[in-house]
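> Give the three-dimensional model of this entry:
(one chain, ligands or ions: 1)
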Amino acid sequence: MSKKFECVRVVIRCRPLNDTEKKDGHVCIVNMDTKNGQVTVRNPKVADEVPKQFTFDQIFDTQSLQENVYNQTAHPIVESVLEGYNGTIFAYGQTGTGKTHTMEGKDDPPTLRGIIPRTFDHIFQRIENMAKNKQFLVKVSFLELYNEEIRDLLSKNIKNKLEIRENPDTGIYIKDLSKFMIENPQEMREKLLHGRENRAVGATAMNQDSSRSHSLFQITVETNEIVQGQSHVTVGKLNLVDLAGSERQSKTHATGDRLKEAININQSLTTLGNVISALVDNKSQHIPYRDSKLTRLLQDSLGGNTKTVMIANIGPADYNFDETLSTLRYANRAKQIKNEPKINEDPKDAQIRQFQEEILNYQLKVGEV
Ligand SMILES: Nc1ncnc2c1ncn2[C@@H]1O[C@H](COP(=O)(O)OP(=O)(O)OP(=O)(O)O)[C@@H](O)[C@H]1O
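Predicted coordinates:
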């Protein structure tokens with residue numbers, strides 16, 4: 001199969017000014033020209049400075065709807081995952097700019113649902129409408145990365161720390177990470193809720209703040225298609241990543257454990273920035289993926305075999321000028337990363353053939369056979 005390069009797709013989303021910001025008299029310094037994909041930021045401290053302008057694949061202004069964000073970012077990636085590609089959607093940005101709103105949103109009203117719950121319905125709707133000669137096996141995992149430690153949010157003992165391993169055939173994986181076979185969107189939603197609860201409980205028990213950790217919800221779709229009596233297996237993996245806030249330590253005034261945490265968050269986000277720079281700088285031979293667990297986990301999504309969308313979230317207010325500019329610069333560099341996605345065909349670790357019986361049961365339940 002011929003190799004095809006494609007760039008990481010980078011989109012920007014700006015949240016509205018919130019009530020506190022309005023009450024405190026803050027003003028909006030960000031202009032979003034959605035037609036031309038241009039974001040302009042004005043420096044509130046220097047009145048005659050020329051505003052900084054950036055152009056992106058797509059931008060979503062303060063009025064953007066969750067449904068549109070899904071359709072224009074996640075939808076094509078999910079379709080590709082069902083064809084056997086790997087896909088990654090990750091939200092980047094300063095604390096409070098809307099990463100969790102974008103990735104998870106709220107269940108009520110349903111219009112506020114974010115990307116992760118919308119993927120559940122999308123995947124199972126497509127499965128039910130697919131050709132009868134195709135069978136599917138869907139699995140999920142959910143983990144968080146906090147202070148450079150990986151924890152399984154769906155395991156009984158979330159205090160256990162997991163290790164990253166590499167398989168020469170299938171790439172990076174996490175040893176002992178639990179995976180659950182899922183038969184419908186509701187079951188998947190339950191796993192998301194269960195993981196979220198574990199994240200909150202674990203955060204309290206370990207005196208940590210869950211919004212200071214990175215989270216990764218992973219969905220694997222194995223497909224078995226029978227063509228002229230021959231079975232043909234593809235495996236697509238979808239990574240849904242909500243990163244911790246990217247603000248600088250000086251602004252958070254952190255000390256003690258909070259400072260350690262901030263340094264580790266910054267360490268992984270700084271390494272993410274270094275990886276992005278090394279990938280887009282043609283002179284770099286060495287890509288420092290191994291300098292943080294986050295970049296190891298995202299290795300395949302940045303310069304690897306994955307279709308990737310980065311959603312960079314920003315706030316509109318004047319007092320966040322430095323952070324907003326830094327996010328836009330970070331995102332601007334990421335646009336140049338080239339990936340080489342390809343369909344994962346007949347991988348050795350595909351489980352679908354072992355599970356024919358369960359799949360048949362599933363099909364009986366949804367009335368397909
Ligand atoms: N586009 C938006 N429209 C309306 N409200 C928004 C939008 N984006 C974010 N918000 C609101 O702003 C607040 C902060 O958003 P959110 O928690 O998603 O930020 P975050 O970037 O995930 O922060 P953290 O890094 O601390 O996890 C929430 O109350 C959220 O509902």
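
> so is the residue at the greatest distance from the centre of the chain in a helix, a strand, or just coil?
Residue farthest from the centre of the chain, counting by C-alpha atoms, centre = their mean, is residue 48 at 38.0 Å. At residue 48 the chain is in coil, as set by DSSP: H, G, I helix; E, B strand; the rest coil.

> next one: stretch 6-19 to chain centre, how far?
13 Å (C-alpha atoms, centre = their mean, to the nearest Å).

> can you check stretch 169-189 too?
15 Å.

> In CSV, list the C-alpha atoms belonging to it.
Taking C-alpha atoms only, stretch 169-189 is exported to CSV below (Å, rounded to 0.1, in the frame of the first residue of the first chain):
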residue,chain,number,x,y,z
ASP,A,169,4.7,-4.9,15.6
THR,A,170,2.0,-2.9,17.3
GLY,A,171,3.8,0.1,18.8
ILE,A,172,3.4,1.7,22.2
TYR,A,173,1.0,0.1,24.8
ILE,A,174,0.4,0.2,28.5
LYS,A,175,1.1,-3.0,30.4
ASP,A,176,-1.8,-4.4,32.4
LEU,A,177,-4.2,-1.6,31.3
SER,A,178,-7.8,-3.0,31.6
LYS,A,179,-9.8,-3.2,28.4
PHE,A,180,-13.6,-3.8,28.3
MET,A,181,-15.6,-5.2,25.5
ILE,A,182,-18.5,-2.9,24.8
GLU,A,183,-21.8,-3.7,23.0
ASN,A,184,-23.7,-0.4,23.0
PRO,A,185,-23.3,3.4,23.6
GLN,A,186,-24.9,3.1,27.0
GLU,A,187,-22.2,0.6,28.2
MET,A,188,-19.6,3.0,26.9
ARG,A,189,-21.1,5.9,28.7
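
> Show me which residues of it are buried.
Within stretch 169-189, the residues that count as buried by 16 or more other C-beta atoms under 10 Å are 171, 174, 177, 178, 182, 183, 184, 185, 188, 189. For every residue, glycine as well, the C-beta is placed using N, CA and C.

> Return the closest of those with respect to residue 290.
Closest approach between the buried residues of stretch 169-189 and residue 290, by C-beta to C-beta: residue 171, at 14.1 Å.

> The closest one contacts residue 301, correct?
No. Look at residue 171 against residue 301 with C-beta atoms under 8 Å: they stay out of range, at 10.8 Å.

> can you map out the helices along the protein?
19-23, 66-69, 75-83, 99-103, 115-129, 185-205, 249-252, 256-280, 293-297, 321-334, 356-365 (DSSP state H).

> Reformat the buried residues of stretch 169-189 into JSON lines and put distance to residue 5 and pLDDT next to each item.
Output for those, formatted as JSON lines (distance: C-beta to C-beta, whole Å; pLDDT from 0 to 100):
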{"residue": "171", "distance to residue 5": "18", "pLDDT": "79"}
{"residue": "174", "distance to residue 5": "28", "pLDDT": "93"}
{"residue": "177", "distance to residue 5": "30", "pLDDT": "94"}
{"residue": "178", "distance to residue 5": "34", "pLDDT": "94"}
{"residue": "182", "distance to residue 5": "32", "pLDDT": "94"}
{"residue": "183", "distance to residue 5": "36", "pLDDT": "92"}
{"residue": "184", "distance to residue 5": "36", "pLDDT": "93"}
{"residue": "185", "distance to residue 5": "34", "pLDDT": "94"}
{"residue": "188", "distance to residue 5": "32", "pLDDT": "95"}
{"residue": "189", "distance to residue 5": "36", "pLDDT": "95"}
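
> with these in mind, which one is nearest to residue 335?
Nearest to residue 335 among the buried residues of stretch 169-189, counting by C-beta to C-beta, is residue 171 at 24.0 Å.

> which non-adjacent residue is nearest that closest one?
Nearest non-adjacent residue to residue 171, counting by C-beta to C-beta, 6 or more residues apart in numbering: residue 300, 5.5 Å away.

> Please work out how many residues are found near that neighbour.
By other C-beta atoms under 10 Å, 20 other residues sit near residue 300.

> contacting residues around it?
86, 88, 171, 172, 306 (C-beta atoms under 8 Å, 6 or more residues apart in numbering).

> Looking at the residues you listed, which is nearest the ligand?
If you rank the contacts of residue 300 by distance to the ligand using C-beta to the nearest ligand atom, residue 88 comes first, at 17.7 Å.

> Name the residue of this protein with the shortest distance to the ligand.
For the chain, C-beta to the nearest ligand atom, closest residue to the ligand: residue 98, 2.7 Å.

> How about the contacts made by that residue?
Applying C-beta under 8 Å, 6+ apart, the residues contacting residue 98 are 13, 15, 313.

> how about these in TSV, adding neighbour count, distance to residue 281 and pLDDT?
Listed next are the contacts of residue 98 as TSV, based on neighbours: other C-beta atoms under 10 Å; distance: C-beta to C-beta, whole Å; pLDDT from 0 to 100:
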residue	neighbour count	distance to residue 281	pLDDT
13	24	27	98
15	21	32	97
313	29	25	97
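
> For those residues, please prepare a markdown table with the additional fields distance to the ligand.
What follows is those, written out as a markdown table (distance: C-beta to the nearest ligand atom, whole Å):
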| residue | distance to the ligand |
| --- | --- |
| 13 | 6 |
| 15 | 3 |
| 313 | 6 |
